[in-house]
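Asks: take this sequence and fold it.
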Amino acid sequence: MAQYNQVTPEIIEQLKLAAPDHVFTGADINEDYMRDEMPIYGKKMPDVLIQPLTTEEISAVMKICNENLIPVTPRGAGTGLVGASVAMLGGVMIDTQKMNQILEYDLDNMIVRVQPGVLLNDLAEDCTRQGLLYPPDPGEKFACLGGNVSTNAGGMRAVKYGATRDYVRAMKVVLPTGEVVDFGAQVSKTSTGYSLLNLMIGSEGTLGIITELTLKIIPAPKVVVSLVVPFLDLETAIATVPKIKNAQLDPQALEFMEREIVLSSERFIGKSTFPKEMDGQEVGAYLLITFDGKTEDEVMAKVEECCELVLSAGAIDVLVADSPTKIRDAWAARSGFLEAIEAETKLLDECDVVVPITKIAEFLNFANAYGKECGLEIKSFGHAGDGNLHIYQCSNDLEEEEFKKRVDKYFNVLYKQATAIGGLVSGEHGIGRGKIKYLRECIGETSVNLMYGIKKVFDPNLILNPGKVCYPLE
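Replies: Reported below is the predicted structural model:
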């Protein structure tokens, strides 16, 4: 491991000159900064918190930290789930939340320029007011866009529109040395050398600090309709997914959920919107499908074809949500899944695995059965259209150390099974601190060493977000 130095009073004074009035220490740092949304991956307060307003301030701070070998942790809203924004070595934390301006729309080129601290929800609403759409739609709407790009967040609309990576045209970045560089361009395609832009996307704050983003936007669809499709069991529901895709129906979103997670979410939001019994049969699983398009005729033709397809594939019925209120109600339970689990669970961890869509049911059955064997309660949901599964391990009875021991046993087997059927460790939440070991086992030593080599080129002194992705501290 690289050798780091402690933050001294002299260094703090240098930092205060670099970012005047934006430097905090000791009791002035809120305790929320010691953790992200998954505290099981560690808690640690930074020695210094800096909330810069400009690229120049971040550049000056990084130069000081690089020269003095001080570890630096970048952070946005702290909504991550793998410990990527936790300052496990203390040092300096750079919080970009106050860099939160939507700077400029260029409607001729259909792009928007933003600072990294802009919330996904704020950009989405601002686009909607102008008849536009920023397609990436992760479940956490109050995450920062810089964080979304740093994890290549996916979300519900990824099945049609792609993940965050597909909407990043350019970015301004401060390297660990303090140098300021621009990656990408406004153009829609390029074959100009190695794609440094794409190296930054998904790098989880280990290669540089994003200070500005240029993002692709599109015209908002004029018609949106959602379907709630109940099934007797998960296997039948998931077996329907390839049929929907092969029929070229091109859904905007295609989600699956099991009965228990829906019940948890509806208890949390205090409203029941999903049927639990139909025609005397207990519903075991659901698909939630959304279609969008330019005209009502276009969308309703897809809806009618989809209804016929899912009913012939074993759906109990189809409920159509064709108004803004009905659509909002249909998605309310889905949007509250994580909060619902957190509200009812003392200890939890998550497997954000991605597998081929034809293997979803097989893998979930394996995950549920092995979870019982490990003495863990399993709750799952996810993106049926792209195979990204969110499998939560829950306990209200175990002590934390015993829980961690069982989850590690569970993950060791689960990720090996995912790799064996053609999957990967993470679909959108990233590796952070919590999944380094499983990444190495999944992709192998050569690939991890290549990542580490890239890390050292960007960050020769290994000061930026140490202990994350490909550079473990242990």
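Asks: could you check which helix or strand contains Ile360?
Replies: Assignment of secondary structure by DSSP states H and E places Ile360 within helix 360-373.
Asks: buried set for the lowest-mean-pLDDT helix or strand in the chain?
Replies: Sorted by mean pLDDT, DSSP states H and E, the helices and strands of the chain end with helix 324-335, the least confident at a mean of 82. Buried residues in helix 324-335, counted by 16 or more other CB atoms under 10 Å: 326, 329-331, 333-335. To be clear about C-beta, it is placed using only N, CA and C from the backbone, and glycine gets the same treatment.
Asks: dump these to a markdown table, plus distance to Tyr370.
Replies: Converted to a markdown table, those look like this (distance: CB to CB, whole Å):
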| residue | distance to Tyr370 |
| --- | --- |
| Lys326 | 38 |
| Asp329 | 35 |
| Ala330 | 32 |
| Trp331 | 31 |
| Ala333 | 27 |
| Arg334 | 25 |
| Ser335 | 28 |
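Asks: now, which of these sits nearest Asp47?
Replies: Of all the buried residues of helix 324-335, Ser335 has the smallest distance to Asp47: 36.5 Å, by CB to CB.
Asks: the residue nearest to the closest one when sequence neighbours are not counted: what's it in contact with?
Replies: Closest residue in space to Ser335, ignoring its immediate chain neighbours: Gly139 at 6.4 Å, by CB to CB, 6 or more residues apart in numbering. By CB atoms under 8 Å, 6 or more residues apart in numbering, the contact list for Gly139 reads 155-156, 334-335, 337-338.
Asks: in CSV: these, plus distance to Pro460.
Replies: Output for the contacts of Gly139, formatted as CSV (distance: CB to CB, whole Å):
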residue, distance to Pro460
Gly155, 35
Met156, 40
Arg334, 44
Ser335, 42
Phe337, 42
Leu338, 38
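Asks: and which of these is nearest to Phe366?
Replies: Out of the contacts of Gly139, the member with the shortest distance to Phe366 (by CB to CB) is Phe337, at 21.0 Å.
Asks: the closest one: what's it in contact with?
Replies: 139, 257, 261, 264-265, 381, 390.
Asks: if you set the cut-off to 10 Å instead, what comes out?
Replies: 139, 255, 257, 261-262, 264-265, 268, 379-382, 390, 392 (CB atoms under 10 Å, 6 or more residues apart in numbering).
Asks: any idea how far Val112 is from it?
Replies: Phe337 is 29 Å from Val112, where distance means CB to CB, to the nearest Å.
Asks: return the per-residue confidence for Asp349.
Replies: Asp349 is assigned a pLDDT of 96 by the prediction.
Asks: what's opposite it in the beta bridge?
Replies: Beta-bridge partners recorded for Asp349 (DSSP bridges): Gln393.
Asks: which residues of the stretch 201-350 of the chain fall in strands?
Replies: 209-216, 218-219, 223-231, 253-258, 277-278, 281-282, 285-293, 319-321, 347-351 (DSSP state E, counting those that start in this stretch).
Asks: of all the ones you listed, which one is nearest Gly42?
Replies: Closest to Gly42 of the strands of the stretch 201-350 of the chain is strand 347-351 (CB to CB; 12.5 Å).
Asks: can you give me how far the closest one is from the chain middle?
Replies: A distance of 15 Å separates the centroid of the chain from that of strand 347-351, by CA atoms, centre = their mean, to the nearest Å.
Asks: same thing with stretch 223-234?
Replies: 24 Å.
Asks: ok, stretch 339-349 next?
Replies: The chain centroid and the centroid of stretch 339-349 are separated by 18 Å under CA atoms, centre = their mean.
Asks: for stretch 56-76, same thing?
Replies: That offset, for stretch 56-76, works out to 25 Å (CA atoms, centre = their mean).
Asks: which parts of the helix or strand harbouring Asp182 are buried?
Replies: Assigned by DSSP H and E, Asp182 falls within strand 180-184. The neighbour-count check on strand 180-184 (16+ other CB under 10 Å) flags 180, 183-184 as buried.
Asks: ditto for stretch 421-429
Replies: Buried residues in stretch 421-429 (16+ other CB under 10 Å): 423-429.
Asks: how about stretch 375-388?
Replies: The neighbour-count check on stretch 375-388 (16+ other CB under 10 Å) flags 376-388 as buried.
Asks: what does stretch 117-127 give?
Replies: In stretch 117-127, counting by 16+ other CB under 10 Å, buried: 117-120, 122-124, 126-127.
Asks: can you classify the closest residue to Met257 other than its chain neighbours as helix, strand or coil?
Replies: Counting by CB to CB, 6+ apart, Phe381 is the residue found nearest to Met257 once chain neighbours are left out, at 4.4 Å. Assigned with DSSP: H, G, I helix; E, B strand; the rest coil, Phe381 falls in the strand class.
Asks: now Phe381, which residues is it bridged with?
Replies: Applying DSSP bridges to Phe381 gives these bridge partners: Met257, His390.
Asks: just to check, it is in contact with Val262?
Replies: Yes - judged on CB atoms under 10 Å, Phe381 makes contact with Val262 at a distance of 8.5 Å.
Asks: which residues do these two both contact?
Replies: Common neighbours of Phe381 and Val262 (CB under 10 Å, 6+ apart) are 285-286, 288, 334, 337.
Asks: of these, closest to Asp95?
Replies: Comparing those against Asp95 with CB to CB places Phe337 closest, at 27.2 Å.
Asks: that closest one and Ser265, how far apart?
Replies: If you go by CB to CB, the gap between Phe337 and Ser265 works out to 5 Å.
Asks: on that earlier part again, just give me how far the helix holding Ile360 sits from the chain centre.
Replies: 23 Å.
Asks: stretch 19-31 too?
Replies: Centroid displacement of stretch 19-31 relative to its chain, using CA atoms, centre = their mean, is 28 Å.
Asks: please save the CA atoms from the least confident helix or strand of the chain in PDB.
Replies: Presented in PDB, the C-alpha positions along helix 324-335 are these (Å, rounded to 0.1, in the frame of the first residue of the first chain):
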ATOM      1  CA  PRO A 324     -50.300  10.400 -15.300                       C
ATOM      2  CA  THR A 325     -51.900   9.600 -12.000                       C
ATOM      3  CA  LYS A 326     -52.300   5.900 -12.700                       C
ATOM      4  CA  ILE A 327     -48.700   5.700 -14.100                       C
ATOM      5  CA  ARG A 328     -47.400   7.500 -11.000                       C
ATOM      6  CA  ASP A 329     -49.300   5.100  -8.700                       C
ATOM      7  CA  ALA A 330     -48.000   2.100 -10.600                       C
ATOM      8  CA  TRP A 331     -44.400   3.200 -10.200                       C
ATOM      9  CA  ALA A 332     -44.700   4.400  -6.600                       C
ATOM     10  CA  ALA A 333     -44.200   1.000  -5.100                       C
ATOM     11  CA  ARG A 334     -41.300   0.200  -7.400                       C
ATOM     12  CA  SER A 335     -39.600   3.500  -6.500                       C
END
